[in-house]
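Enquirer: below are the sequence and a predicted model; questions follow.
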Amino acid sequence: MKVNVLAFGIAKEIFGASSITVELAESSVADLKTSLEKSFPKLKALASYLVAVNNEYAGDDLLLDIRDEVAIIPPVSGG
Amino acid sequence: MNTEIKISNQALEVQQCIDWVMTPESGGIDVFIGTVRNATKGKQVVRLEFEAYEPMALKEMEKIATQAFEKWPVQKLLVYHRVGVLDVGEIPVIIAVSCAHRDAAFEACRFVIDTLKQTVPIWKKEVFEDGETWVAAHP
């Protein structure tokens, strides 16, 4: 399935775009991370990063739906 | 729960925030004002650029406010965060808390800014004379 992934901060620079489309065979958050790290190895150099699904931080086991709003959240640094 | 939460690309006004949290029942108001510092680790900072995942950031800020009201007898709570390009001395964040007594105001204010820095999806890029860095991105 195809998932649209939003990117912010340094993730936007790593992807070279504010959103990308990822084709996934398996649809968990962990699968998405594996796929993204293969395409964009620089993700692995980050201190950490999280995936948000529908505006909530998501665990690796969560299964993605095609209608979900998915975003990559690199280490936050507000304030 | 009496909260005011905003992400804005306009300059934040401190007095307006104090006025909003003030109530006749308040005995103390605690205000945290984040400001753009001119240097990081000895390197001169030219400007900061803030970016937010706005719908999620607002949701996370609401969660922090809810927790603050659960933990302390807070009367009113305001959380404003700026986005866009900020020069040295400008204000990226204001937290204002009113309570009947000062201890709760101090503690709640500290909790809100500390938690905001950990959980709210907002990012800052430091721009130096000779380069730029997304803060906290790399170990």
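Expert: Structure's in. What do you need?

Enquirer: quick one: low-confidence parts of the chain?
Expert: Here I'm looking at chain A. Within chain A, no range satisfies pLDDT under 70.

Enquirer: other chain: chain B
Expert: Within chain B, the stretches with pLDDT under 70 are B:1.

Enquirer: what are the phi and psi angles of the residue nearest to A:Ala30 when sequence neighbours are not counted?
Expert: The spatially closest residue to A:Ala30, leaving aside those adjacent along the chain, is A:Asp60, at 4.0 Å (Cβ to Cβ, 6 or more residues apart in numbering or on different chains). Using the backbone N, CA and C atoms, a C-beta is placed for each residue, glycine as well. Per-residue torsions, A:Asp60: phi -60, psi -30 (degrees, to the nearest 10).

Enquirer: okay, A:Asp60 and B:Glu25: tell me how far apart.
Expert: To B:Glu25, A:Asp60 is 46 Å away according to Cβ to Cβ, to the nearest Å.

Enquirer: where exactly do the helices run in chain A?
Expert: Counting by DSSP state H, chain A has these helices, from start to end: A:9-15, A:29-39.

Enquirer: and the shortest one, what's buried?
Expert: Okay, so that is helix A:9-15. Buried residues in helix A:9-15, defined by neighbour count with 16 or more other Cβ atoms under 10 Å in any protein chain shown: A:9-12, A:14-15.

Enquirer: next up, the contacts around the residue nearest to A:Ala30.
Expert: Shown in contact with A:Asp60 (Cβ atoms under 8 Å, 6 or more residues apart in numbering or on different chains): A:28-30, A:33.

Enquirer: quick one: buried ones out of those residues?
Expert: A:28-29, A:33.

Enquirer: between those, which is nearest B:Phe111?
Expert: A:Val29 (28.8 Å; Cβ to Cβ).

Enquirer: does that closest one touch A:Leu62 like I think?
Expert: Yes: counting by Cβ atoms under 8 Å, A:Val29 does reach A:Leu62; the two are 4.9 Å apart.

Enquirer: give the residues shared as contacts by those two.
Expert: Joint contacts of A:Val29 and A:Leu62 (Cβ under 8 Å, 6+ apart) are A:Val53.

Enquirer: adding distance to chain B, write the buried ones among the contacts of A:Asp60 out as TSV.
Expert: What follows is the buried ones among the contacts of A:Asp60, written out as TSV (distance: Cβ to the nearest Cβ, whole Å):
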residue	distance to chain B
A:Ser28	20
A:Val29	15
A:Lys33	17
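
Enquirer: which one of those is nearest B:Thr133?
Expert: Out of the buried ones among the contacts of A:Asp60, the member with the shortest distance to B:Thr133 (by Cβ to Cβ) is A:Lys33, at 23.8 Å.
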